[in-house]
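**Student:** output the structure for:
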Amino acid sequence: MSSFHRRGFFGGALAFILGRGRLSASQSVKTAEDRLAELGLELPPVPTPVATYVPSVRSGSMLYVSGSGPGTGPDGEPVRGKVGRDLTLEQGNAAARLAGLRILANVRHSLGSLNKVERVVKVLGMVNATPDFGQQPQVINGFSDLMVEIFGEERGKGARSAVGMGSLPSGIPVEVEAIFEISE
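**Tutor:** Now for the predicted structure:
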């Protein structure tokens, strides 16, 4: 049992306040860039817009990131298909995670570092799915789980919508857009 639990909540809290519960240098808080490296994740190149828009817009302390699909899979081929027909729930979830890596690449390109992200504010996840498919939230968890892995539980979870679509550009299975609060 930890000393915090043995002393009870108030004793443990008091020890922390008085400095006996401080984090050592080896226990220091990891940055988003540290977590990305620890996970062995490499961000893909920032995609070039294919229509009349910009990849992201910074306004004050907010960064609005345009929708992004999964790009290419581990085999180097574009990820395409309709979830519930061509792709399983798990494959859709993996596609949403790939879209998340592309969003992170865009954020890093825009800000210079993922460490400038204060928190995920809002996410819209669109799933190209069959009319009877109803697990869009579980698909978009691929994106959201990645944000929690990178930014932590509190900063990585934001408000979110996960909706089904009859189609998405170029037959991609998911598209995700996000809004981040950022530091100066």
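
**Student:** what helix or strand is the residue lying closest to E118 once chain neighbours are set aside on?
**Tutor:** Excluding the flanking residues, the one nearest E118 by C-beta to C-beta, 6 or more residues apart in numbering is E181, at 4.3 Å. In short, each C-beta sits where N, CA and C put it, glycine included. Using DSSP states H and E, E181 sits within strand 174-182.

**Student:** pairing partners for that strand, with directions?
**Tutor:** Taking DSSP bridges as the criterion, strand 174-182 sits next to strand 62-68 (antiparallel), strand 117-128 (antiparallel) in its sheet.

**Student:** and the shortest one, what's buried?
**Tutor:** Buried residues in strand 62-68, defined by neighbour count with 16 or more other C-beta atoms under 10 Å: 63-68.

**Student:** out of the strands paired with strand 174-182, which comes closest to R80?
**Tutor:** Of all those, the one in closest proximity to R80, counting by C-beta to C-beta, is strand 117-128 (8.9 Å).

**Student:** off-centre distance for the closest one?
**Tutor:** In this view, strand 117-128 has its centroid 7 Å away from the chain centroid, taken as C-alpha atoms, centre = their mean, to the nearest Å.

**Student:** quick revisit: you'd agree the residue nearest to E118 is up against V117?
**Tutor:** Yes: between E181 and V117 there is a contact at 7.5 Å, judged by C-beta atoms under 8 Å.

**Student:** overlap in contacts, these two.
**Tutor:** Overlap between the neighbourhoods of E181 and V117 consists of L63, taking contacts as C-beta atoms under 8 Å, 6 or more residues apart in numbering.

**Student:** picking that back up, so what pLDDT did the residue nearest to E118 get?
**Tutor:** Per-residue confidence at E181 stands at 98 (pLDDT).

**Student:** neighbours around it, how many?
**Tutor:** One way to gauge burial is a neighbour count; for E181, by other C-beta atoms under 10 Å, it gives 17.

**Student:** gap between it and M62?
**Tutor:** Using C-beta to C-beta, to the nearest Å, we find E181 at a distance of 6 Å from M62.

**Student:** now stretch 141-159: buried residues?
**Tutor:** By neighbour count, with 16+ other C-beta under 10 Å as the criterion, the buried positions of stretch 141-159 are 141-147, 149-151, 155-158.

**Student:** how about residues contacting it?
**Tutor:** Residues from elsewhere that reach stretch 141-159, judged by C-beta under 8 Å, 6+ apart: 32, 35-36, 39, 92-101, 103-104, 114, 117-123, 125, 160, 174, 176, 178-179.
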